[in-house]
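> Here is the input, now give the coordinates:
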Amino acid sequence: MFSPLQSIVLILLMEMYTAFPRPGILSLPPLLSAALEIALVLLPVTTAFFAGRKLLKQSASPGFDAGQTGLFDAAISRLRMGTCGLMAINLWVLNFGQWVWNINGFHEWRIAAQAIWLIPILVSWCGLWTVSHYVHRRFDPNGQNADPDPGIAVGNHAFPAWRPYMLMNLRGQIPFLAIILLADQLLRLAVNGLNNSGLQSYATAGSLLATLVLFVALPWMLVRCWDSRPLPDGPLRRELQALAAKWKIKFTDIRIVNTHYLIPNAAVLGPGRISRYFLITDLLLESLNHDEILAVFAHEVGHAHHRHIVRYIVALTALELIIISLTGLVMSYWPGHDQLFNSLDIVIVGMAFISGFSRISRQCEHQADWFAARHMAGEFARPPAPAPRPVIMAIPDPSDGIAAAHMPWFLEFENPAPPDQSTSPTPLMAGAGVMADALMRLSEVTHRPLDKPDWMHPSIRDRVNLLFRLANSPDECARFERRMKRLNKFVYGLVLLAMVLMFWP
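Numbering: from 1, shown residues only. Below is the predicted model of the structure:
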C-alpha cells in the first residue's frame with residue numbers, strides 16, 4: 001500500500017549509529033546547531049513548495065499536460081527519500097545523535113533515542129505532505145485550477161481536507177516504523193537476558209524465532225493500524241474467493257483500504273493462511289472494470305501461489321546469517337574492533353537488502369503479471385465464454401511502441417463490429433491484454449510515467465511489453481521460466497551457504 005523504502009533506510013541508519021556511536025564531525029554551539037537543524041528540516045519542504053507553485057502556474061497555460069502532476073508526486077517521493085540524508089547529517093555531522101545517545105538509560109532503551117532522532121524527519125515529512133495537499137487540492141484531473149474551498153473532485157469524490165489526508169499518510173508510515181523498532185527493542189532485551197543468564201547458545205535461535213514471529217504478526221498489526229474494512233459479502237467477494245480457492249490459496253480476509261480515493265493499489269500481506277490478507281484500495285475498485293479487478297486480484301494470488309513473500313523472508317534471513325557469520329569470522333582474526341565490524345555488518349546487510357530485494361521483487365512482479373494473464377486466459381477459454389475482447393486501454397497510442405508488433409488487432413479496437421476470427425486474439429493474448437489494461441489504467445489514474453520503475457516494481461512499459469512477448473512467443477516463455485528457476489536456485493544457494501557458515505568450525 002505504502003512504500004516502506006524510506007522507513008527501512010531510516011531504521012538501518014539508526015541501527016548503524018547505535019552499533020558504532022561517535023561524536024559529530026562539527027562541534028557547533030547549541031544555537032547554531034539548532035538553526036542549522038531547522039534549515040535542513042525546511043529545505044525539502046521549501047523546495048517542494050516552489051515546485052508546486054510552478055506547477056500551478058503552468059496548469060493555467062493552454063495545452064498543459066496533466067501528467068506533470070505525476071512528476072510532482074515523484075519529486076515529493078524523492079524529497080522524502082532525501083530526508084534520510086538529514087538523518088545521516090544529524091547522527092554523524094551534527095551533535096544531535098551523540099547528545100540524545102548520552103541521555104541516561106538510552107543505551108539500554110534505544111527505542112527512546114530512535115524516537116527522538118525521528119522527530120526532525122517526521123516534521124519534514126509532514127511539511128512535504130502539507131505541500132502535496134496544497135497543490136492537489138487546487139488542481140483537478142483536467143489540469144485546471146479549481147476553487148480551493150470545496151476541494152477537487154476525484155471521480156465523484158472530493159479531495160480530502162488536510163486533517164484526514166495527513167492522518168492517512170501518518171497511518172501508512174508510522175505503524176511500520178514503530179512496530180519494527182519496538183520489535184528490535186524487545187528482541188535485544190531478550191537476547192541480553194539470555195546472555196546474562198548464561199544461555200548464549202540459545203541467543204541466535206531465539207533471534208531467528210523472534211524474526212519469524214514478527215513476519216507472521218506484522219500483517220495482522222498493519223491491517224489494524226491502517227484504515228481498512230472487510231470487502232462486503234456479495235458477488236465480487238465470492239468471485240474473488242473462488243479465484244483464490246481455484247489455486248488453493250487460503251487467506252484470512254479480503255479488505256478494502258480507505259485512501260480517500262487517492263491511491264490505486266492492491267497487495268497481499270503475510271506468508272501463510274493464519275496471517276495472509278488481500279488488500280484493495282478504494283480507488284482501484286472504482287477505477288477498474290470487472291475483468292481488470294479480477295486480473296489485479298489474480299496478480300496478488302500469483303504472489304501467494306509462487307510463495308514470493310516466503311522467498312523474500314528466506315532470502316533476507318539467509319543473507320543476514322551469511323553476513324553475520326562472515327563478520328564473526330573476520331572478527332576472530334582481527335579482535336578488538338567489534339563496534340566497527342558490527343557497524344559494517346549493518347551497512348552491508350542494508351545495501352544488500354535494498355539492492356537485492358529490488359531485483360528479486362521486480363522479477364516476482366513479472367511472474368505475478370504472467371500468472372494473472374494465464375488465469376484470465378483460462379477464464380476466456382472456458383465454455384461457454386464470450387469472445388475475447390481486444391485491449392481497449394493498453395496502448396492509447398500505437399506509436400509509443402508498446403508491443404505494437406504483437407497486437408495487430410489493437411488498431412481496430414474502435415470498430416464496434418466483432419473482429420474477424422483470423423485476427424482475433426487468442427485467449428492467452430486476451431488474458432495478457434486485460435492485465436495490460438489494468439496496468440495502463442492505473443498509470444493513467446496516477447499520472448505515473450510509463451518508463452518510470454520504482455523500488456519494487458518494473459516500469460509499466462516493461463511489464464506490458466513482457467506480457468505480450470510471453471503471450472506471443474513460446475520461446476520467450478521458456479526463457480522466462482528458466483530465469484525464474486535460476487532465481488529460485490540463487491535463493492536456495494543463499495540458504496545452503498548460510499547453513500555451511502553457521503556450522504563452520
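
> hang on, Pro112 packs against Leu118?
Actually, residue 112 is Ala. It isn't Pro. No: counting by CB atoms under 8 Å, Ala112 does not reach Leu118; the two are 11.0 Å apart. In this view, the C-beta of every residue, glycine as well, is placed from N, C-alpha and C.

> of the two, who's got more company?
Leu118 (21 against 14; other CB atoms under 10 Å).

> count of residues packed around Met484?
Other residues close to Met484 by other CB under 10 Å number 15.

> what's it in contact with, if anything?
Shown in contact with Met484 (CB atoms under 8 Å, 6 or more residues apart in numbering): Gln363, Gln367.

> Just the element for it, please.
Per DSSP states H and E: Met484 is located in helix 474-502.

> As a check, name the ranges of all strands in the stretch 151-300 of the chain.
For the stretch 151-300 of the chain, the strands defined by DSSP state E, counting those that start in this stretch occupy 153-154, 157-158, 228-230, 253-257, 266-269, 277-281.

> Need those in TSV (columns: mean neighbour count).
Shown next, in TSV, are the strands of the stretch 151-300 of the chain (neighbours: other CB atoms under 10 Å):
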stretch	mean neighbour count
strand 153-154	16
strand 157-158	14
strand 228-230	15
strand 253-257	18
strand 266-269	20
strand 277-281	23
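
> out of these, nearest to Thr426?
Evaluated over these, closeness to Thr426 peaks at strand 266-269, with 26.4 Å, by CB to CB.

> Show me what that closest one is packed against.
helix 203-225, strand 277-281, helix 290-305 (3 or more CB pairs under 8 Å, 6 or more residues apart in numbering; DSSP states H and E).

> try it again with 6 Å
Judged by 3 or more CB pairs under 6 Å, 6 or more residues apart in numbering; DSSP states H and E, strand 266-269 is in contact with strand 277-281, helix 290-305.

> Quick one: closest of the ones you listed to Ile254.
strand 277-281 (4.6 Å).

> Can you give the strand pairings for that closest one, parallel or anti for each?
strand 253-257 (parallel), strand 266-269 (antiparallel) (DSSP bridges).

> could you dump the ones you listed to JSON lines with distance to Ala34?
As requested, these are exported to JSON lines (distance: least, CB to CB, whole Å):
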{"stretch": "strand 253-257", "distance to Ala34": "39"}
{"stretch": "strand 266-269", "distance to Ala34": "40"}
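
> circling back: the strands of the stretch 151-300 of the chain: which one's closest to Val330?
Using CB to CB, the strands of the stretch 151-300 of the chain put strand 266-269 closest to Val330, at 36.7 Å.

> CA atoms only for the closest one - export them in PDB, please.
Taking Å, rounded to 0.1, in the frame of the first residue of the first chain, the C-alpha atoms of strand 266-269 are listed here in PDB:
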ATOM      1  CA  ALA A 266      -3.600  -3.800  -4.300                       C
ATOM      2  CA  ALA A 267      -1.300  -6.100  -2.200                       C
ATOM      3  CA  VAL A 268      -1.100  -9.400  -0.400                       C
ATOM      4  CA  LEU A 269       0.400  -9.400   3.100                       C
END
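
> quick one, domains of this protein?
Domain assignment for the chain by automatic domain parsing gives 1-159, 288-505.

> what's the least confident stretch among the ones you listed?
Mean pLDDT is lowest for domain 288-505 out of those, coming in at a mean of 78.

> tell me the SS of the residue nearest to Phe480 when sequence neighbours are not counted?
Residue nearest to Phe480 in three dimensions, not counting chain neighbours: Leu470, with 6.0 Å by CB to CB, 6 or more residues apart in numbering. For Leu470, the assignment made with DSSP: H, G, I helix; E, B strand; the rest coil gives helix.
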